[in-house]
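In: Here is a sequence with its predicted model. Questions after.
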Amino acid sequence: MTDAAETTATAFYDFETVQRYAAGLEELPEQERAQRLGLLQEFSAMVGRTPDEMVDELFDKATHKYRKRGFYAGRIREFSTKAPGTWAEQNFRGNVIRSFFIANGYRIPLDKPPWM
Amino acid sequence: MTDAAETTATAFYDFETVQRYAAGLEELPEQERAQRLGLLQEFSAMVGRTPDEMVDELFDKATHKYRKRGFYAGRIREFSTKAPGTWAEQNFRGNVIRSFFIANGYRIPLDKPPWM
Amino acid sequence: MEFKQVVGRRRSIRYYQPWRPVEREKIQKILEAARLQSQHGNASDIRKAVVVIKGETPEDVRKALVEALYSQPQAEQAPVHIVWTIDMSGWEKLRDRLLELLKVRALTPSYGWSEQFVDTVVMPTPDFNVLAGDRTFAEWLSAFESGLAVGSALLAAVDEGLGTQLLTGKREEIRKVLGMPEYVTPTQVQIVGYPAESPEAGGQRPRPDFESLYFSGKWGVSFKRDPRVVEQLQSEGMIQTPAPLPWRAQEVRALAATFGLPE
Amino acid sequence: MEFKQVVGRRRSIRYYQPWRPVEREKIQKILEAARLQSQHGNASDIRKAVVVIKGETPEDVRKALVEALYSQPQAEQAPVHIVWTIDMSGWEKLRDRLLELLKVRALTPSYGWSEQFVDTVVMPTPDFNVLAGDRTFAEWLSAFESGLAVGSALLAAVDEGLGTQLLTGKREEIRKVLGMPEYVTPTQVQIVGYPAESPEAGGQRPRPDFESLYFSGKWGVSFKRDPRVVEQLQSEGMIQTPAPLPWRAQEVRALAATFGLPE
């Protein structure tokens, strides 16, 4: 079980889009990095796409327009709220995914904090 | 003689270009005005053209370019230096003519004071 | 504030306190400063602005404006938007404005200025009256004139202790949202508010080498930068500690937490 | 000098003391102020200038420059000309400059900035990278950016106790005289020197009514001008006695006598 999980994680880190995201996490403690990459993997499984596929289908490089922005905004919100916790804790889950897209060049609309 | 001179002066003041120049002299004492208009009349006689003719031939309204600027710059310099006096006194004579052209919309190159 | 301090403290502020309104008199002072800036092409009537204020302008207008600014978070946070514009119809008042300057003796016959000069030379010459020339040049010069005024407005905001930044937006949408006629072009949008980041905003931004920008006598021959003058400007606050300040990374993470932003 | 004083004292100075040179450090300070002004399109490398100094730049170059400025007397009188330019090739450094801003955390991932974002969105989008769009827009935005910097340079000259004015000249001749490559456009020429007229230069110049320039919430709805703020700005020196001052006519005549100019 440990071996299998490790293999999967290694394969997951091999995706170009994941490497790009991970490069921006280098200053974080190992535990925080692992937590974020774990959340990304969880989201990837939830939407049933590889990280590269997600980035690919979000934006149309030919027309320079977003293609599935609404879809991903919705799934990120769903991913945020399915965990327990405060708004900030939930929002953190979603922002990990948003950061992944940003590291790969694209923005997903943000949710405003409740006080704003 | 007085009558004739007055008639001539009146005719001279009738030129549209002279009226335009005179309008800018209204704040001056009567004597200074008369002096300047006298200088203009003297210059006009020297170049053998009426004031309106001078303005007309200086600038080509069709091409928006100066036509006889060099000619008038030269004659103004001649007009300045033919009187005795300091540079400032001589230059004043020329500037009366330049002011006449300015009032009618056109600039003649200036002479720099000797100190400059 | 000292002029040199104002120049030194100005930088693009990207985080604002959304809860803190800007005093109306400060907005007026910013506009007054822009109005007094040089308008060397006598473009006085082209430099106009529409101010959008949170809590005063209808919320749907403000919302549409923020969307036209690509929904950037700082556009949402800042309580004031000054939408700078060029009103090309303003050039039609050029003749009146020149005659006004003649009358108050700012323009003088000594240099050849007269009502006739305005009519026979200035008005038909595109270099002096842009409407006489081609439209592209007219718009180019108008943009330059607009930049002059907006630059003063940026500095005036800093002088008032505010944060400010220029944003680019979707011009056609901005025009529609604020009811501008078609002869009006929005240039850039100045956002104004109290900074949520420290006023240093991580330090003074990098600039190309002085000697690569400025030349003496001839293109390509550097204007020598005197390090003693640089030191003096440092002591007077115009040249400040360059970015990044050592604690910038933590500040950015703290700001992300405040606003629920990704890091 | 206080920022508000600087704004209030600035006006186009048209008579200079030709005999009095400008200290080199003051010229540097003017250029430093321009360099630090906002370059919101990240146009840092396009805003350049060539400085021409009487007694330092070869006299034939200076003479040709004055002629390209239509031989206006103030161009002859002023000992310093700062020829502001737009170097369109500077835009080619945009990507490097953006990555630099990312690195110092002026631009942050919180707002979607990343190296990939620069490459996939910013660089191909004309609104953010003018070289990706049409040339006319690129030049228009460059003129705006240039105006921002030149406005600071005007104010900095006033802060140094100098007189200054912007002049328009024959661009093609200016380019040739100063050896500029063809991708460089001279914008306007800032003349600098000690004023021969009083610094008031006859009074603060007229401007269109505040409420005809600035709107609130919607085009055409005036932003109300508070007279108490105007009074405050008067006491702080930003709003000054309007032209013409009562003695202006005599001053202009005296200046004409000094310089041998027609009245």
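Out: Done, it's in. In this text, all values refer to a predicted model and were calculated from it rather than measured experimentally.
In: Spell out which residues of chain A are next to chain D.
Out: A:20, A:24, A:59, A:61, A:64, A:99, A:102, A:103, A:104, A:105, A:106, A:107 (Cβ under 8 Å from any Cβ of the partner chain). Using the backbone N, CA and C atoms, a C-beta is placed for each residue, glycine as well.
In: Go again with 6 Å.
Out: Applying Cβ under 6 Å from any Cβ of the partner chain, one finds that chain A approaches chain D through A:64, A:102, A:103, A:104, A:105, A:107.
In: In helices only, show me those residues.
Out: Here DSSP state H is the test, and the residues of chain A next to chain D give A:102, A:103 as lying in helices.
In: Max pairwise distance over the residues of chain A next to chain D: which two?
Out: The distance between the two most remote of the residues of chain A next to chain D (Cβ to Cβ) is 19.1 Å, for A:64 and A:103.
In: neighbour count winner among these two?
Out: residue A:103 (24 against 12; other Cβ atoms under 10 Å in any protein chain shown).
In: And what about the spatially closest residue to the more buried one that is not a sequence neighbour, helix, strand or coil?
Out: Of all residues not flanking residue A:103 in the chain, residue A:21 sits nearest, at 4.2 Å (Cβ to Cβ, 6 or more residues apart in numbering or on different chains). Three-state assignment for residue A:21 (DSSP: H, G, I helix; E, B strand; the rest coil): helix.
In: Do I have it right that residue A:21 meets residue A:100?
Out: Yes - taking contacts as Cβ atoms under 6 Å, residue A:21 lies within contact range of residue A:100: 4.6 Å.
In: Give the burial count for residue 69, as a bare number.
Out: Using chain A. Residue A:69 sits with 16 neighbouring residues when counted by other Cβ under 10 Å.
In: should've been chain C
Out: With other Cβ under 10 Å as criterion, residue C:69 counts 22.
In: So is stretch C:117-129 next to chain B?
Out: Yes - judged by Cβ under 6 Å from any Cβ, stretch C:117-129 comes into contact with chain B at C:117, C:120, C:124.
In: Can you turn the buried part of the residues you listed into a ChimeraX selection?
Out: Filtering these down to the buried ones (16 or more other Cβ atoms under 10 Å in any protein chain shown) takes a single ChimeraX command:
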select /C:117,120
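In: Chain C: helices as residue ranges?
Out: Using DSSP H, the helices of chain C run over C:3-9, C:24-36, C:59-68, C:73-77, C:94-103, C:115-117, C:135-159, C:171-177, C:210-213, C:227-235, C:248-259.
In: pLDDT of the shortest one, averaged?
Out: For helix C:115-117, the mean pLDDT works out to 93.
In: Now look at that helix and say if it contacts chain D.
Out: No - on the criterion Cβ under 6 Å from any Cβ, helix C:115-117 is out of touch with chain D, staying 12.2 Å away.
In: Who are the packing partners of that helix?
Out: Helix C:115-117 sits against no helix or strand, with contacts defined as 3 or more Cβ pairs under 6 Å, 6 or more residues apart in numbering or on different chains; DSSP states H and E.
In: which residues touch that helix?
Out: B:104, B:105 (Cβ atoms under 6 Å, 6 or more residues apart in numbering or on different chains).
In: picking that back up, export the residues of stretch C:117-129 next to chain B to a markdown table and tack on distance to residue C:219?
Out: Below are those laid out as a markdown table (distance: Cβ to Cβ, whole Å):
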| residue | distance to residue C:219 |
| --- | --- |
| C:117 | 34 |
| C:120 | 36 |
| C:124 | 32 |
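In: which of the residues of stretch C:117-129 next to chain B lies closest to chain B?
Out: The nearest member of these to chain B, counting by Cβ to the nearest Cβ, is residue C:120 at 3.7 Å.
In: Skipping its backbone neighbours, what lies nearest that closest one in space?
Out: residue B:105 is the one closest to residue C:120 (Cβ to Cβ, 6+ apart), at 3.7 Å.
In: thought that neighbour was touching residue C:123?
Out: No - in this structure residue B:105 lies outside contact range of residue C:123 using Cβ under 6 Å: 10.4 Å.
In: which phi and psi does residue 41 have?
Out: You didn't pick a chain, so chain A it is. Here is the backbone geometry of residue A:41 (degrees, to the nearest 10): phi -60, psi -40.
In: what residues are up against it?
Out: By Cβ under 6 Å, 6+ apart, the residues touching residue A:41 are residue A:12.
In: Return the distance of the residue nearest the centre of chain A relative to residue A:74.
Out: Closest residue to the average C-alpha location of chain A: residue A:97 at 2.4 Å, with Cα atoms, centre = their mean. As defined by Cβ to Cβ, to the nearest Å, residue A:97 lies at a distance of 12 Å from residue A:74.
In: Surely residue A:49 is in a helix?
Out: No - Residue A:49: not assigned to a helix; according to three-state DSSP it is coil.
In: ok, back up a step: show the contacting residues for the residue nearest to residue C:120.
Out: Neighbour list for residue B:105: C:116, C:117, C:120 [criterion: Cβ under 6 Å, 6+ apart].
In: again, 10 Å this time
Out: Going by Cβ atoms under 10 Å, 6 or more residues apart in numbering or on different chains, residue B:105 touches B:17, B:20, B:55, B:58-59, B:61, C:112-122.
In: What's the per-residue pLDDT of it here?
Out: 94.
In: Tell me how many other residues surround residue 59.
Out: In the absence of a named chain, chain A is used. Residues near residue A:59, counting by other Cβ under 10 Å: 21.
In: Oops, wrong one, chain C.
Out: When neighbours are counted by other Cβ under 10 Å, residue C:59 registers 9.
In: what residues are up against it?
Out: If a contact means Cβ under 10 Å, 6+ apart, then residue C:59 has no contacts.
In: how far away is the residue nearest to residue C:120 from residue D:53?
Out: Distance from residue B:105 to residue D:53, by Cβ to Cβ: 35 Å.
In: Kindly write the ChimeraX command that selects the buried subset of the contacts of residue B:105.
Out: To isolate the buried ones among the contacts of residue B:105 in ChimeraX, judged by 16+ other Cβ under 10 Å, type:
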select /B:17,20,55,58,59 /C:112,113,114,115,116,117,118,120,121,122
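In: Out of the contacts of residue B:105, name the ones that lie in strands.
Out: Counting by DSSP state E, those place residue B:59 in strands.
In: Spatially, what comes nearest to the residue in the stretch 151-263 of chain C that chain B sits nearest to if we skip its sequence neighbours?
Out: Nearest residue of the stretch 151-263 of chain C to chain B (Cβ to the nearest Cβ) works out as residue C:217 at 21.9 Å. In this structure, residue C:217 finds its nearest non-sequential neighbour in residue D:57, 4.0 Å apart by Cβ to Cβ, 6+ apart.
In: Likewise for residue C:206?
Out: Nearest non-adjacent residue to residue C:206, counting by Cβ to Cβ, 6+ apart: residue D:100, 5.5 Å away.
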